[in-house]
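Chemist: coords please:
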Amino acid sequence: MTTTRFQPWLCHRCGYMMDAASGVDNHAVPKEDDVSFCLNCATPYVLHDSRWALATDQERRDFPDEIKQILVRAQIAVAMAPWGDLSKRDRTE
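Modeler: Sure thing, here's the model as predicted:
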């Protein structure tokens, strides 16, 4: 899996700072309209003009079923994560 770096952005929901995205399928570099999720709270973002933007309600409704299933799994994983809220941790840990 390849990780692509982006200009840092803060999650609109939890404040976690993100600066990279990795694919969950075979294409390594995110492309326009791809979806990513906050690793801390699973809030979805959509790539627009090389920047990640909070997914609108319409975009969320229009996600393909496969993306909706991944979102649900990500939300479950976040809820079960033993490390707690990543946005509250020292990034040097």
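Chemist: and stretch 54-68, how far out from the chain's middle?
Modeler: Its chain's average C-alpha position is 13 Å from that of stretch 54-68, according to CA atoms, centre = their mean, to the nearest Å.
Chemist: hey, what's residue 5 bridged with?
Modeler: With DSSP bridges as the criterion, residue 5 is bridged to residue 20.
Chemist: what do you get for the one 5 residues further on?
Modeler: Residues in a beta bridge with residue 10, per DSSP bridges, are residue 17.
Chemist: what's the distance between the closest residue to residue 29 other than its chain neighbours and residue 31?
Modeler: Using CB to CB, 6 or more residues apart in numbering and skipping residues adjacent in sequence, the residue nearest residue 29 is residue 4, 5.3 Å away. Where C-beta positions appear, they are placed from N, C-alpha and C, glycine not excepted. Residue 4 sits at a distance of 10 Å from residue 31 (criterion: CB to CB, to the nearest Å).
Chemist: thinking again about what came up before, the residue nearest to residue 29 and residue 36 touch, don't they?
Modeler: No: here residue 4 does not reach residue 36: they are 10.0 Å apart, not a contact under CB atoms under 8 Å.
Chemist: shared neighbours of those two, anything?
Modeler: Common contacts of residue 4 and residue 36 (CB atoms under 8 Å, 6 or more residues apart in numbering): 21, 30.
Chemist: those two: who's more crowded?
Modeler: residue 36 (21 against 14; other CB atoms under 10 Å).
Chemist: what sits against residue 44?
Modeler: Under the criterion of CB under 8 Å, 6+ apart, the contact list for residue 44 reads 35-37, 54-55, 59-60, 63, 71.
Chemist: repeat that for 7 Å
Modeler: By CB atoms under 7 Å, 6 or more residues apart in numbering, the contact set of residue 44 is 35, 37, 55, 60, 71.
Chemist: could you pick out the longest helix of this protein?
Modeler: When the chain is parsed with DSSP state H, its longest helix is helix 65-80.
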